[in-house]
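> Sequence first, predicted coordinates after that:
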Amino acid sequence: MTMYDPYQNMLHVLDEAASVLKLHKDEYAFVRYPERELTVSLPIRMDDGHVQVFEGYRVQHSSVRGPAKGGVRYHPNTDINETRALAGWMTIKCAVANIPYGGAKGGIRVDPQCLSDRELERLTREYTYRISPIIGTDIDVPAPDVGTNAQIMAWIVDEYSKLRGKYTPGVVTGKPIEIGGSLGRNEATGRGIMYTLMSYLETTGKKPCDITMAAQGFGNVGSVGCLLMKRAGINIVAIGDIGRSLYNPNGIDIEKAYAYANSHGRSLDGYQEEGMQVIPKGDVLHLDVDVLFMAAMENQLNAATMEGVKAKLILEGANGPTTNEADTYFYKHGIEILPDVMTNAGGVVGSYYEWVQNRTGFYWTEEEYNKKLQANMRKTFQTVWQVKEKYHVSARLSCYIIALSRIVAAQNYRGFLG
Ligand code: NAD
């Protein structure tokens, strides 16, 4: 088993895409390197009076097609390498979805569950202060990711606005509606995943009511994704989060599970319904279902877990849930993957719509927002499928081919110095 390095995973597919496009390495070498990486130390006075120093990161992978764009993750395992990979995937994702952004990602190595609200606010403000020289509405625009939410985005807006001496809501997306957030943004990632799956089923002539699904991860992406796919007719028989995995062969009552998780700190702990069993955590990946919905973290489908997968389709809601090794294995075994950089792009497309509204000061209805999101997701899927069929490649490689050709074309117009 090879050492898991998510950035190397990204480069591997990028090189494959370059080879399909017959690009010389000089023509795309710039995409292999992040443009800018910042590591910051964040000394915070904790509630008990002692000072704890946290480490934070912001990686701007690319700004060739527009401002860098990407979420901020608060997680105990976050480090510069993970942040770099997530930033690279954002570059690919924004180019595939054809929105005018590059890619970035940020994070703090912290378990936010272990901090009080006041500590979390102080940490977020300090992080904003430290990265403020390199972010901005036209430069680099953060958003929520694992462990962060609309409240944290609000603190970033407030701190950044104070530093700049003017209210600047466009510096982040995923904000509360009250301070310039957009109707629809909260559900955008899950909604986009549902639209992508519907496009796939339409293309392959399948009906939602014939499809069974198991889902790993029941946070922002997983819970909303499950709710909307269930409403679209999919029978979701298993869900799981970090604490519990649940299986009901007759189908989970997702409306009930969603409401439960929302009122219990986004956790399924203690959730019960008739006919449902608690199963060992890893079993969610290996159930006999049509679709496996990955909505937790990276590196879940790997050499140790891939062989037990029975699903014929993997829907990547999370970023990087499949290692290269597992990716190759699934391709060889005819298991289709709807890859992260296409499938979960609803989040950043929705962020783009929020940013456009902030810049124009003209706010849309939720219907307008969802309609535009659906049009983008559908078009992206169709383009990815055409390129996939043209080159006889996986959907993931198709995404990288599309992204790389757009990024290289943009850089060629902008030109190289020296
Ligand atoms: P979240 O923190 O809201 O939810 C994560 C979920 O995964 C939780 O239910 C958690 O318990 C579960 N989980 C974590 N580790 C697990 C494990 N080892 N086994 C089983 N379950 C586990 O995060 P989120 O915002 O839903 O993000 C999930 C993924 O989607 C991440 O990869 C993120 O980068 C990606 N993503 C998020 C967005 C967004 O808008 N939030 C957009 C695009 C992609």
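Nice, thanks for sending it over. Numbers count the residues shown, from 1 in each chain.
> From now on I want contacts and neighbour counts done on CA atoms only, so please keep to that.
OK.
> Now do the phi/psi pair for the residue of the stretch 51-200 of the chain found nearest the ligand.
Among the residues of the stretch 51-200 of the chain, residue 146 lies closest to the ligand, at 3.8 Å counting by CA to the nearest ligand atom. Dihedral angles of residue 146 (phi, psi; degrees, to the nearest 10) stand at phi -50, psi 130.
> Same check on residue 295?
The phi/psi pair for residue 295 (degrees, to the nearest 10) reads phi -140, psi 30.
> Next up, the contacts around it.
By CA atoms under 8 Å, 6 or more residues apart in numbering, residue 295 lies in contact with 215, 216, 217, 218, 219, 221, 222, 316, 317, 318.
> and the gap between it and the ligand?
Noted for residue 295: a distance of 5 Å to the ligand, by CA to the nearest ligand atom, to the nearest Å.
> Against residue 244, how distant is that residue?
Residue 295 is 14 Å from residue 244, where distance means CA to CA, to the nearest Å.
> In this protein, which helix is the longest?
Counting residues, the longest helix in the chain under DSSP state H turns out to be helix 366-391.
> Starting from that helix, tell me the next helix or strand along the chain.
The element immediately downstream of helix 366-391 (helix or strand, assigned by DSSP states H and E) is helix 395-414.
> Which secondary structure elements does that following helix sit against?
Contact partners of helix 395-414 among helices and strands, from 3 or more CA pairs under 8 Å, 6 or more residues apart in numbering; DSSP states H and E: helix 6-20, helix 25-28, helix 80-96, strand 336-338, helix 340-343, helix 366-391.
> Check which residues of stretch 343-358 are buried.
Going by neighbour count (16 or more other CA atoms under 10 Å), the buried part of stretch 343-358 is 343-355, 357-358.
> Over to stretch 407-414?
By neighbour count on 16+ other CA under 10 Å, the buried set for stretch 407-414 is 407, 408, 409, 411.
> do stretch 91-104 as well
Within stretch 91-104, the residues that count as buried by 16+ other CA under 10 Å are 91-104.
> what's in contact with it?
Residues contacting stretch 91-104 (CA under 8 Å, 6+ apart): 58-71, 84, 86-90, 140, 142, 341-342, 345, 348-349, 352, 376-377, 380, 399-400, 402-404, 406-407.
> Please export the C-alpha coordinates of that stretch as PDB.
What follows is stretch 91-104 as a C-alpha-only set of coordinates in PDB (Å, rounded to 0.1, in the frame of the first residue of the first chain):
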ATOM      1  CA  THR A  91      -8.800  25.000  -8.900                       C
ATOM      2  CA  ILE A  92      -9.900  22.000 -10.900                       C
ATOM      3  CA  LYS A  93     -13.500  22.300  -9.600                       C
ATOM      4  CA  CYS A  94     -14.000  26.000 -10.400                       C
ATOM      5  CA  ALA A  95     -12.600  25.400 -13.900                       C
ATOM      6  CA  VAL A  96     -14.800  22.400 -14.500                       C
ATOM      7  CA  ALA A  97     -17.900  24.300 -13.300                       C
ATOM      8  CA  ASN A  98     -16.700  27.200 -15.500                       C
ATOM      9  CA  ILE A  99     -17.000  29.900 -12.900                       C
ATOM     10  CA  PRO A 100     -14.400  32.700 -12.800                       C
ATOM     11  CA  TYR A 101     -12.300  31.600  -9.900                       C
ATOM     12  CA  GLY A 102      -9.000  30.000  -9.200                       C
ATOM     13  CA  GLY A 103      -8.600  27.700  -6.200                       C
ATOM     14  CA  ALA A 104      -7.700  28.100  -2.500                       C
END
